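# could you work out the structure for the sequence below:
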Amino acid sequence: MQTAFEAPAGAPEIEFRNVTKSFTLTEGRTLREFFQGVLRGKAFGEEFHALRDVSFSIDRGETVGIVGRNGSGKSTALKLIAGVSAPTSGTVLISGRVSPLIELGAGFHPDLTGRENVHLNASILGMSAAETDEQFDAIVEFAELEEFIDTPVKRYSSGMYMRLGFAVAVHSSPDILLVDEVLAVGDTFFQEKCMAKMHEFQTQGVTIVVVAHNTATITDFCDRAIWLEHGRMEAIGPSRDVMEQYTHMLPHLVEVA
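Numbers count the residues shown, from 1 in each chain. The predicted structure follows:
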């Protein structure tokens with residue numbers, strides 16, 4: 001169960017309580033595959049556990065990194081926090097407005113203009129029409145798309161598309177910001193602008209959860225880190241300590257994977 005609530009003073013802003021998230025890996029998309037699956041006893045699908053009995057809490061204003069190899073459950077954890085997915089068992093408690101920088105521009109409609117998509121995406125993120133109007137010029141300026149804002153986004157390059165998605169999300173006045181491998185958006189100058197915005201959020205007390213493979217990003221930017229392995233939590237603690245454990249064990253994990 002995923003529950004949004006107003007956290008009392010001093011309470012965690014994000015809390016996972018014994019959270020498990022499972023998916024069914026189905027077989028038998030054709031009749032032949034179905035009967036082959038019956039013979040293997042898998043016709044009705046196998047269960048895959050993306051997260052297994054994971055518990056942690058994140059306080060208001062913390063910046064926490066989530067690390068782990070591909071398939072360890074990092075993005076699944078972010079989607080549970082974002083509310084776009086629900087746990088199979090356990091409880092996810094969230095307090096405040098969440099802005100996910102997970103799949104930038106995922107809510108954009110290709111036939112609509114940049115202007116129209118700003119309003120569409122902002123509403124998906126919970127912004128009112130008045131809030132969007134107030135932030136509109138700042139969003140366009142941050143994305144550096146003044147000349148193209150009335151062009152259909154299907155004509156945008158992938159970089160323009162992602163810049164606009166990033167700009168909308170960071171101007172939505174989030175309480176919680178979710179960042180999934182998107183700090184490499186655009187050229188070097190724009191990346192620096194993105195990181196400056198992240199640091200600004202930190203000084204404002206925004207809670208930030210970051211998924212990144214870059215060790216320096218987690219060590220230098222995050223207060224704490226969570227290491228996930230095969231859906232289980234291997235470690236949680238100060239980011240430098242957790243990253244030292246993770247990087248030390250990584251060669252051994254790769255060898256046995």
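# tell me where the stretch 151-257 of the chain has helices.
Counting by DSSP state H, counting those that start in this stretch, one finds helices in the stretch 151-257 of the chain at the ranges 158-170, 188-204, 215-221, 239-256.
# now the stretch 1-150 of the chain
Using DSSP H, counting those that start in this stretch, helices in the stretch 1-150 of the chain cover 31-40, 74-82, 114-124, 129-143.
# from those, which stretch is densest packed?
The highest mean neighbour count among the helices of the stretch 1-150 of the chain, using mean count of other Cβ atoms under 10 Å, belongs to helix 74-82: a mean of 23. In this view, the C-beta of every residue, glycine as well, is placed from N, C-alpha and C.
# tell me which residues are up against that helix.
Applying Cβ atoms under 8 Å, 6 or more residues apart in numbering, the contact partners of helix 74-82 are 2, 14, 16, 19, 21, 50-51, 54, 66-68, 85-87, 92, 94, 98, 100, 102, 176, 178, 180, 209, 211, 226, 228, 231.
# dump that helix to CSV, restricted to CA.
Output of helix 74-82 as CSV, limited to C-alpha atoms (Å, rounded to 0.1, in the frame of the first residue of the first chain):
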residue,chain,number,x,y,z
LYS,A,74,16.7,1.0,-7.7
SER,A,75,14.2,2.3,-10.2
THR,A,76,11.4,0.2,-8.7
ALA,A,77,12.0,2.0,-5.4
LEU,A,78,11.8,5.4,-7.1
LYS,A,79,8.5,4.4,-8.8
LEU,A,80,7.0,3.3,-5.5
ILE,A,81,8.0,6.7,-4.0
ALA,A,82,6.5,8.5,-7.0
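# report the contact partners of P152.
P152 neighbours (Cβ under 8 Å, 6+ apart): P110, D111, L112, T113.
# again, but for G107
Per Cβ under 8 Å, 6+ apart, neighbours of G107: N117, L120, N121, I124.
# distance-wise, check the closest residue to the last one other than its chain neighbours relative to P100.
Take I124 and drop its neighbours on the chain: the residue closest to it by Cβ to Cβ, 6 or more residues apart in numbering is G107, 4.6 Å away. When Cβ to Cβ, to the nearest Å is applied, the distance between G107 and P100 equals 10 Å.
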